[in-house]
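Q: what follows is a predicted protein model with its sequence.
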Amino acid sequence: MTPEQFIASKAALAVKALYNTDVEPSALQVTFTRKEFEGDCTLVLFPLLRISHSSPDATGEAIGSWLLENCPEIRAFNSVKGFLNICFSNLFWREALEAVTSDASFGQLPPTGRRIMVEFSSPNTNKPLHLGHVRNNLLGESVSRLLAAAGNEVIKATLVNDRGVHICKSMYAWQQCFDGATPESSGKKGDHLVGDCYVAFNDILRREVDALVAGGMDKEQAEKEAPCMKAVHEMLVKWEQGDPEVRALWKKMNGWVLSGFEQTYKTLGISFDKVYYESQTYLLGKELVQKGLDMGVFQRDPDGSVWCDLTADGLDRKLLLRSDGTSVYMTQDLGTAERRFAEYNLDSHVYVVGDEQNYHFQVLKLVLAKLGFDWAERIFHLSYGMVELPDGKMKSREGTVVDADDLMEQMRREARTTSEESGKLEDVDEAEKDRLWSVIGLGALKYFILKVDPRKKMLFNPKESIDFNGNTGPFIQYTHARICSILRKAGELGYVPALTGAELSPKEIRLVRLLDQYPQKVAEAAAGFSPAVIAAYAYDLAKEFNQYYHETPILREPDAESRDMRLSLAGTLAGVLAKAMNLLGIELPQRM
RNA sequence: GGUCCCGUAGCUCAGUUGGAUAGAGCAACAGCCUUCUAAGCUGUGGGUCGCGCGUUCGAAUCGCGCCGGGAUCACCA
């Protein structure tokens, strides 16, 4: 039970005793007391005035007095303009601190018995990952960890979009103008090499289109008639027919890209339990179309195409099968969803996909519901906002795409510069220094992205590098390293952290209150699929500790009981910080 | 045009199941390292919470209407 719930339940008893009226504890509003008032928890009195038939002050006085008399956990109260501020006893908070300290799995919520698949990343294998993917990947990984911490069994999945026209474009350009280049021969990471091919294709296309337009053709027509486009479509047909030569090239180039991705994922610290390939799943869903026709929820047009009419739901008609019998994106998604729910016996499925696909997922859920699947409503589209640059969206055509590998490397370099300026790691060996720079640079990047509410679009300004001061990952990492440093020195001095009987100061009570809140924050973040909740919490905790640190001696505290208690509090706090940041995939270093 | 999302300090963001004087960081300015890590701490300035009306004891938060920005509505994925 949280302190707020405790107050609510006791206040309900008070209301019963004083006014002979039953109220549900959950109907009472209890919040954390604001900094500028004295107290730990605050009961909002306004809703109770109808019951007490007296003024806010008198009601607060009455309920406060009752609580003081009947609850040994409560030490004092004050009533200000309709708000009843309540102070818990020192013992109450010492016990709360002990509960946090002694619980190794603090913040791990009890099992729900639910199994959830989280699909994220799902890249195209025709170009390297960029900042948009980074947000997707970090969100997917973090939300998976959040759901697991909230007691669910989580399966992290990705769907590699490894076939289609866009893939053939890179293949064609490679054949035409890369002279047999390989990652080895070019010294390029595979995904970057293939990305170069994709860019080269667009150059070829532009030249051919310009030539055709100069010859009098209109642009739209020219884009279809360009020789390279014809060649690419031919290649796609051959791919579908299993042409050995095309398949071999496809396999080779996809291999390059995938090993490049693997490296990026590794650096980024994300992984998957299950990898799906579109080349193996793109035919799924066709039987479902037949099922829908049989059920009468889909219609076949005279030209043979199949549609689902969603106009009654406020949407349009949606194509599910082309007139030539081939399937579209939606068809495949219907099929994969059905297969996954069946194969893994899922309770729910989270898709981490940008908000530009809101319509798609709205349709997906509606169509699945029409097909009679009761799990359709347990599909959740974690719709996150785009990452934008100061002058709008990233555009590969204009070369404004922020490459994931470059960005991570840049962050590492900046961490190194800052670190070397401080000179704090001078006595650390080179390999460990190198590791720490990565941890700090990535910490800055991950926190920068995850602290923003996923649903909102966010802005990245490449000209201003990501900060290492203020509300940032390194700030929290620094706080952790600082505590570790104190604990190291305590060890050298022979001091042992211990929960002694020492009284907690008001500032220490604030810290315990925050620590005590952590499991609720995990629950809240998981329920809202929002790592930002955890980021904000970790920042509050670190900030609060830094203030405490500056005004309270720990190692220099003469009283041994106080000193050991402070060491214990600091150690527990560092542990909770590390747990919270681990949910964001951010490592907290022992020193920096 | 239909549907959906967004608008909070110069900038980037919190705060939105209605609660006290709307908070952080960055940037600016002023302080604090012979004392546990200054990637830190303290202080100053900075707001018609897009606009209007309504509901309420109470609205950044809820409702309606505007204004501004964005996404989407392909026999693309």
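A: Cool, the structure landed.
Q: please make it C-alpha for all contacts and neighbour counts, starting now.
A: Will do.
Q: what about the closest residue in space to residue A:79 that isn't next to it in sequence, how many neighbours?
A: Excluding the flanking residues, the one nearest residue A:79 by C-alpha to C-alpha, 6 or more residues apart in numbering is residue A:60, at 5.4 Å. By the criterion of other C-alpha atoms under 10 Å, residue A:60 has 28 neighbours.
Q: same question for residue A:90.
A: Using other C-alpha under 10 Å, residue A:90 has 18 other residues around it.
Q: equivalent analysis for residue A:119, please.
A: The number of residues packed near residue A:119 is 26, by other C-alpha under 10 Å.
Q: that one pairs with what?
A: Beta-bridge partners of residue A:119, counted by DSSP bridges, are residue A:157, residue A:351.
Q: output the set of residues of the stretch 401-550 of chain A in proximity to RNA strand B.
A: Residues of the stretch 401-550 of chain A lying close to RNA strand B (C-alpha under 7 Å from any atom of the strand) are A:415, A:418-419, A:422, A:424, A:440, A:451-460, A:467-472, A:474-475, A:478-479, A:481-486, A:489, A:533, A:536, A:543, A:546-547, A:549-550.
Q: from the residues you listed, which ones fall inside strands?
A: Counting by DSSP state E, those place A:458-459 in strands.
Q: in helices only, show me the residues of the stretch 401-550 of chain A next to RNA strand B.
A: Secondary structure defined by DSSP state H assigns A:415, A:418-419, A:422, A:440, A:474-475, A:478-479, A:481-486, A:489, A:533, A:536, A:543, A:546-547, A:549-550 of those to helices.
Q: are any of those buried, and if so which?
A: A:415, A:419, A:440, A:474-475, A:478-479, A:481-484, A:486, A:533, A:536, A:543, A:546 (16 or more other C-alpha atoms under 10 Å).
Q: check which helices and strands the lowest-mean-pLDDT helix or strand in chain A sits against.
A: Ranked by mean pLDDT, DSSP states H and E, the weakest helix or strand in chain A is strand A:392-393, scoring a mean of 83. With contacts defined as 3 or more C-alpha pairs under 8 Å, 6 or more residues apart in numbering; DSSP states H and E, strand A:392-393 has no helix or strand neighbours.
Q: partners of that strand, with directions?
A: Paired neighbours of strand A:392-393 in the sheet (DSSP bridges): strand A:387-389 (antiparallel).
Q: buried ones in the strand it pairs with?
A: So strand A:387-389, judged by 16+ other C-alpha under 10 Å, has buried residues A:387-389.
Q: figure out the helix or strand that the residue nearest to residue A:79 lives in.
A: Secondary structure from DSSP states H and E places residue A:60 in helix A:56-70.
Q: contacts for the one helix or strand residue A:95 maps to next, please.
A: According to DSSP H and E, residue A:95 maps onto helix A:90-102. Outside of helix A:90-102, the residues within contact range by C-alpha atoms under 8 Å, 6 or more residues apart in numbering are A:73, A:106, A:499, A:503-504, A:509, A:512-513, A:515-516, A:569, A:572.
Q: so who does residue A:508 touch?
A: Residue A:508 makes contact with residue A:548, according to C-alpha under 8 Å, 6+ apart.
Q: for residue A:197, see how far away residue A:225 is.
A: Distance, residue A:225 to residue A:197, using C-alpha to C-alpha, to the nearest Å: 21 Å.
Q: higher neighbour count, these two?
A: residue A:197 (24 against 15).
Q: any idea how many residues pack against the residue nearest to that one when sequence neighbours are not counted?
A: With sequence-adjacent residues excluded and distances taken as C-alpha to C-alpha, 6+ apart, residue A:197 is closest to residue A:170, at 4.8 Å. Residues near residue A:170, counting by other C-alpha under 10 Å, number 27.
Q: how far away is residue A:170 from residue A:189?
A: Remark: distance between residue A:170 and residue A:189 (C-alpha to C-alpha) = 15 Å.
Q: hang on, the earlier thing: can I get the buried residues of strand A:387-389 in a markdown table including distance to RNA strand B and pLDDT?
A: Formatted as a markdown table, these follow (distance: C-alpha to the nearest atom of the strand, whole Å; pLDDT from 0 to 100):
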| residue | distance to RNA strand B | pLDDT |
| --- | --- | --- |
| A:387 | 8 | 94 |
| A:388 | 8 | 92 |
| A:389 | 9 | 91 |
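Q: JSON lines please, covering the residues you listed and showing distance to residue A:181.
A: Compiled in JSON lines, these are given as follows (distance: C-alpha to C-alpha, whole Å):
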{"residue": "A:387", "distance to residue A:181": "33"}
{"residue": "A:388", "distance to residue A:181": "33"}
{"residue": "A:389", "distance to residue A:181": "33"}
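Q: surely the residue nearest to residue A:197 forms part of a strand?
A: No - counting by DSSP: H, G, I helix; E, B strand; the rest coil, residue A:170 is not found in a strand; it is helix.
Q: and it, what does it touch?
A: The contact partners of residue A:170, taken as C-alpha under 8 Å, 6+ apart, are A:126, A:194-195, A:197-201.
Q: measure residue A:409 to RNA strand B for me?
A: 14 Å (C-alpha to the nearest atom of the strand, to the nearest Å).
Q: report how many residues lie close to that residue.
A: 15.
Q: nearest spatial neighbour of the residue most central in space within chain A, skipping sequence neighbours?
A: For chain A, the residue nearest the mean C-alpha position is residue A:139 (2.6 Å; C-alpha atoms, centre = their mean). Leaving aside its sequence neighbours, residue A:139 sits nearest to residue A:450 (C-alpha to C-alpha, 6+ apart; 6.9 Å).
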